[in-house]
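*Asks:* Give the three-dimensional model of this entry:
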Amino acid sequence: MNSPIRPGPLVTEENEFFWASGADGRLRLAECGSCAALIHPPQPVCRYCHGHDIGVRAVSGRATLIGFTVNHRFALPGLPAPYVVAQVAVEEDPRVRLTTNAVQCAPDELELGMRMEVVFEQVEDAWLPLFRPARDHPATDPLPLAEVETHQLARRVRPMVTTEKFEDKVAVTGIGMSEIGRRLLVPPVSLTVQACQRAIADAGLTVDDIDGLATYPGAGAAYGGFGEGGVTALESALGLEPTWYNGGSETFGPCGSLISAMLAVAGGLARHVLCFRTVWEASYGELVRRGRIAQEPPRRLDGWMKPFGAISAAHTLAQNAQRHFHRYGTTRETLGWIALNQRSNAALNPTAIYRAPMTMDDYLNARPITTPFGLYDCDVPCDGAVAVIVSAVDAARDLAQPPVYVEAVGTQILERLEWDQSTLTHEPQVLGQSAHLWSRTALRPEDVDVAELYDGFTFNCLSWLEGLGFCGIGEAKDFLDGGKNIARDGVLPLNTHGGQLSHGRTHGMGLVHEAITQLRGAAGPRQIPGARVAVASSGGLTPSGVILFRADG
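*Replies:* Numbers count the residues shown, from 1 in each chain. Here you go, the predicted model:
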């Protein structure tokens, strides 16, 4: 039997010079002829001087190792686990980082700051630039700094355009959640309809009252169990007649549908917008295993990361976590306190998928996924849908539930969007959005009674804690130590329904559902007494968003 062939990159006219570099052993990158900056990924304009004289430059092929993770969980044809995904900063312009594989060495030989050199591997008509420890000068250097240091990002937040806030014109009036479970094997539209009908009933509305629809990621991204077909699928099922609708992945994270809905309501396009998010990843995986859904192995991989086996957000976040460890002394136990806290809270939530007690030893000894992440650093793939209704504030006061008001949102992008070119020590697209949130309110972090922070991985949650100012940058190790500060009776009760790590991956909308439940005082045994202000974040890596809610008008 022939060995499987490793998928090659998708070669286009714009990137062919890069993927063809190995033909003569010289690494090539785009260069601005005006300011000599290297530009990666290649663009028709320089991001630094905005010049249009873009050419191609052969570079030395030497770089600094700025991140690596040993992948144990994922695999591609011709690239079986374990393998090392790495990031290197190019010697001639350390602002340029390449995702690659570290080769010709054992993982325990790698050290951040190590000098690396390029070697090429041909895959059909492309050459993959891989990197090995430099043979003539393997010494380690300080890691290159980010383009904008973490503590300086907040200075770049744009001031409010007007003193009038759109947030003051809206309220959350209804929430609904479908059955949540592993491999429910029901059509995803059924989950969507169940959650939406429960949200409508919760608000005391009828289907005819709904004049707006919003979702993430929309119809175009249903593949892989991450959607039900978007606005089109729900409108067809319920026969709605919205005056406004919106769906797409380029928005303010998985909960971007809510912020879009708020803008539509504040602008007078709708009075009651039904926002929804459905996942059925667990069933999707099961149907693939049964052969009910065909999944052809890829021959070509797009982007600048996938050809090196960096096919999961875990590979990026693991390297950011590693750099946080390196710079601030964070440890796996630090992340473990987040996982243990979520599991403790899930024990009080009958809808949570994982409710059994977990110890630190359980966490530390779990099977590795991609270092430093183990199984319990990762959220739980599940099937489920969550719906939230955003209403005009003047209509909200007459409905079935006490309205929950919106104090502020944070959406501004202050970091590069490309995952491997962005923030070095935190999850990308957290720090800017967090700083933007606090620029739109007089409330401060100490006013928050409960935090529902995105935890696709434990490190997401740590990044939001620091980004939102619940502890200082680099201070999460001390803040999380022992788990007392984030417990239900602690300084900042965190992810009180179990989070995505134990309740299930509802892609951020479950966090909003729990925030509203807490501010209504309806969380039962996990209720935080006197909760009046809650923050909920969603996403990161992709553009993300964060919302500050309050119970008082």
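*Asks:* could you point out where the stretch 51-200 of the chain is predicted with low confidence?
*Replies:* Flagging of the stretch 51-200 of the chain using pLDDT under 70 yields the residue ranges 137-139, 147-148.
*Asks:* can you pull out the helices in it?
*Replies:* Here the stretch 51-200 of the chain has its helices, by DSSP state H, counting those that start in this stretch, at 188-203.
*Asks:* what residues are up against residue 449?
*Replies:* Applying Cβ atoms under 8 Å, 6 or more residues apart in numbering, one finds that residue 449 lies in contact with 493, 518, 528, 530, 531, 532, 533, 534. Just so you know, the C-beta spots here come from the backbone N, C-alpha and C atoms, and that holds for glycine as well.
*Asks:* Redo the residues you listed as CSV? Include secondary structure and pLDDT.
*Replies:* Conversion of those to CSV gives the following (DSSP: H, G, I helix; E, B strand; the rest coil; pLDDT from 0 to 100):
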residue, secondary structure, pLDDT
493, coil, 98
518, helix, 98
528, coil, 98
530, coil, 97
531, coil, 98
532, coil, 98
533, strand, 98
534, strand, 98
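*Asks:* Pull out the buried members of those.
*Replies:* The neighbour count (16 or more other Cβ atoms under 10 Å) marks 493, 518, 528, 531, 532, 533, 534 as buried among those.
*Asks:* list the contacts for the closest residue to the fifth one other than its chain neighbours?
*Replies:* Translated: residue 532. Counting by Cβ to Cβ, 6 or more residues apart in numbering, residue 551 is the residue found nearest to residue 532 once chain neighbours are left out, at 4.7 Å. Going by Cβ under 8 Å, 6+ apart, residue 551 touches 402, 404, 405, 519, 520, 531, 532, 533.
*Asks:* On the pLDDT front, check residue 551 for me.
*Replies:* If you check residue 551, the pLDDT there is 97.
*Asks:* separation between it and residue 18?
*Replies:* Using Cβ to Cβ, to the nearest Å, one gets 53 Å for the distance from residue 551 to residue 18.
*Asks:* Tell me the one among the buried ones among the contacts of residue 449 nearest to residue 433.
*Replies:* Distance to residue 433 across these (Cβ to Cβ) is lowest for residue 534, with 16.5 Å.
*Asks:* how would you label the residue nearest to that closest one when sequence neighbours are not counted: helix, strand or coil?
*Replies:* By the measure of Cβ to Cβ, 6+ apart, the closest residue to residue 534 outside its immediate chain neighbours is residue 515, 4.0 Å from it. Reduced to three states with DSSP: H, G, I helix; E, B strand; the rest coil, the structure at residue 515 is helix.
*Asks:* Confirm for me that residue 515 is in contact with residue 450.
*Replies:* Yes - with the criterion set as Cβ atoms under 8 Å, residue 515 and residue 450 qualify as a contacting pair; they are 6.9 Å apart.
*Asks:* Identify the contacts common to these two.
*Replies:* With contacts taken as Cβ under 8 Å, 6+ apart, the residues that reach both residue 515 and residue 450 are 534, 535.
*Asks:* Pass me the low-pLDDT residue ranges in the protein, would you?
*Replies:* Scanning the chain residue by residue, the ranges that satisfy pLDDT under 70 are 1-3, 137-139, 147-148, 220-223, 553.
*Asks:* how about 80 then?
*Replies:* Along the chain, the model assigns pLDDT under 80 to residues 1-3, 136-141, 144-152, 220-224, 295-298, 553.
*Asks:* contact partners of stretch 269-277?
*Replies:* The contact list for stretch 269-277, computed with Cβ under 8 Å, 6+ apart, reads 173, 192, 195-196, 199-200, 203, 205, 209-216, 234, 242-244, 254-255, 257-258, 261, 264-265, 385-392, 395, 506-509.
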